Structures are given as C-alpha cells and as structure tokens.
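Enquirer: Next come a sequence and a model predicted from it.
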Amino acid sequence: MKIVYSSDCLNYSQVDHPESPRRVSSIYEMIRDDYDFVTPESASDSVILETHSVRLFESIRDGAFSDPDTPVFPDIFNLAKLAAGSAVRAMEIALAGESTFSLMRPPGHHAGHDNLSGFCYFNNIAIAVTQALKRVEKIAIIDFDCHHGDGTENIFTGDGRVLFLSTHESPLFPGTGLESHDNCLNYTFPSGATETDYLPVFELALEKVRAFNPDLIAVSAGFDAHKGQPIANMMFETETFGAIAKLIASLDKPTFSVLEGGYCNELAASVREYLKHI
Ligand SMILES: [Zn+2]
C-alpha cells in the first residue's frame, strides 16, 4: 500500500469551512509511520481538459466563479491540479500492481464536466479514470461517500467502459442519484442508516461490479457516513470502513482510492481502518 500525498494540499482554508486542512493533516499524522509515501506531480492542463470543459478550466484558473461552498482561494487552481495529479499517480501505481490511496484535498466527486460544486473544483477520480482508459478497457468506480457522486456520474453517464456505483444518504446534498440508469448504479439510504442496513446492500451491489469484471477499481473514498459527521446523518462506526474495504478487496482487482469527504474527529481513525483492509 502506498499513500500519495503532498503537504501543499494544506495550503488553503477558510474559517469555519468543514473542508479544512486539519482533515488531511490529522490523517497524515495518524498513518505517517505505517506506509510508504509518494509525492505527486500536478496534472497537466491537457490532462485536466480531457475530462473537463475549457470553460470550467478557465474559470478556476482565473478565479472567475462564485459558489459559497466552493470558494475562490489563492492558488486553488494549482492545488486542484495537484490533487488531480495525485489521483493519476495513485492510478498508475495500482496498475503497476500495488494498492494506493491519494491523501489529498480538495476532493473531487461533485465536480462535473462543466461545473464545480460541493468543495470540489476538478474531479480527481474522473481525471484518473479518463487517463486509465487509455491503458485498460473496463473500470468500475465505487463511491461510498455519504453524498451522491453527481460530478462523476455526469462525466461518465453512457460510457460503457465505466461502471459507476454510488451509495449515499437521501435526501441530502446534492439531491441527485435517486435511481439507477445507464451505466450508473445508485443506492440510497435514509438518515440514521447503520452498517447493518448498509453492508448487505453494498455487498449485493458489488456483485454487479464483479459481473462487470473491470480491469481496475477506482474508489471515491468518503468517510462522512460516520455517525459523528456534522453535515450528514448516517450512522457508520469507525470499523464500518474496514468492513467496506474488505468487501472491495474481495473483488481482487487492482484498486486505487481517492479521499473525498469526511469531516468529523473520527476521520483519521476511519481512514486508518479502511487502509488496513483495502
Ligand atoms: Zn460527502
């Protein structure tokens, strides 16, 4: 297991914004002695533009956007490119035979082809998957963040080379992912859902991934279904993320994971539990 990480990702913040540097630094401090770390390079402009529109690219580059959840920070363009490059690096290491986790921010799964949203500027996992599709034929994206991966769905809907599986709380931001369609499998859970509600459904959903027989698995690893979350209402235990990892690992495919959400004090312990079993 390798962790792709740069402390540069700690270099933006806004008072009282849940997507804080402390999220990632707390994880780093907890796992720093347990894994080998790899330093990422920024994704190139052309790599970003193979997934995103010129309009979105230029608006982030120029700070020409307005979204209260997803503010204009100094240098956010370069920091978002670095997070995207980290996901690409994680993908490359996975294809070379070793599991990887991209420990970076900003997260990505709400960013669509032509829009930023929900703390996400560029869609890190979609950028990595777009690049991986030059090397393998079929990729499954598994998104267990408490919020629907609407940006990832937007980018890959109708692309038969990709199977997108998202499990999420509903109703909750962004309000999408209520039904499955095309190559997108969506599973919703009510406020208060526990691992007893979740794990059997997740295990059955993974059977569809197994039947798809992907060459590579990309995981949007969000930890905000933990019971301690301030902005979501599912009730996972810290250990639930180990159980999720075990089920994903049982698919026995090259796998890389990318940090998405997770905003409570149990985030670092949740990630540690996940990494033990993925
Ligand atoms: Zn989330």
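Expert: Sure, I can see it.

Enquirer: on contacts alone, who are the packing partners of the longest strand seen in the chain?
Expert: The longest strand of the chain (DSSP state E) is strand 162-169. For strand 162-169, the packing partners by 3 or more CB pairs under 8 Å, 6 or more residues apart in numbering; DSSP states H and E come out as strand 139-143, helix 150-156, strand 184-189, helix 195-212. Using the backbone N, CA and C atoms, a C-beta is placed for each residue, glycine as well.

Enquirer: now the first one against strand 184-189, angle please.
Expert: Spelled out, that is strand 139-143. 20 degrees (axes from the mean of the first three to the mean of the last three CA atoms, to 10 degrees).

Enquirer: How are the strands of the chain distributed by residue range?
Expert: Using DSSP E, the strands assigned to the chain run over residues 2-4, 36-38, 100-102, 139-143, 162-169, 184-189, 216-221, 255-259.

Enquirer: neighbours of Glu169, just the number please.
Expert: If you count neighbours by other CB atoms under 10 Å, Glu169 ends up with 22.

Enquirer: Now do the contacts for it.
Expert: Contacts for Glu169 (CB atoms under 8 Å, 6 or more residues apart in numbering) come out as 146-147, 188-191, 193, 225, 232-234.

Enquirer: Okay, and the beta partners of the residue most central in space within the chain?
Expert: Centroid check for the chain by CA atoms, centre = their mean gives Ser220 as the closest residue, at 2.8 Å. For Ser220, the beta-bridge partners under DSSP bridges are Asp143, Val258.

Enquirer: what do you get for Ser117?
Expert: Under the criterion used (DSSP bridges), Ser117 bridges to Cys120.

Enquirer: I'd say it and His109 touch.
Expert: No. With contact defined as CB atoms under 8 Å, Ser117 does not count as touching His109 (9.5 Å).
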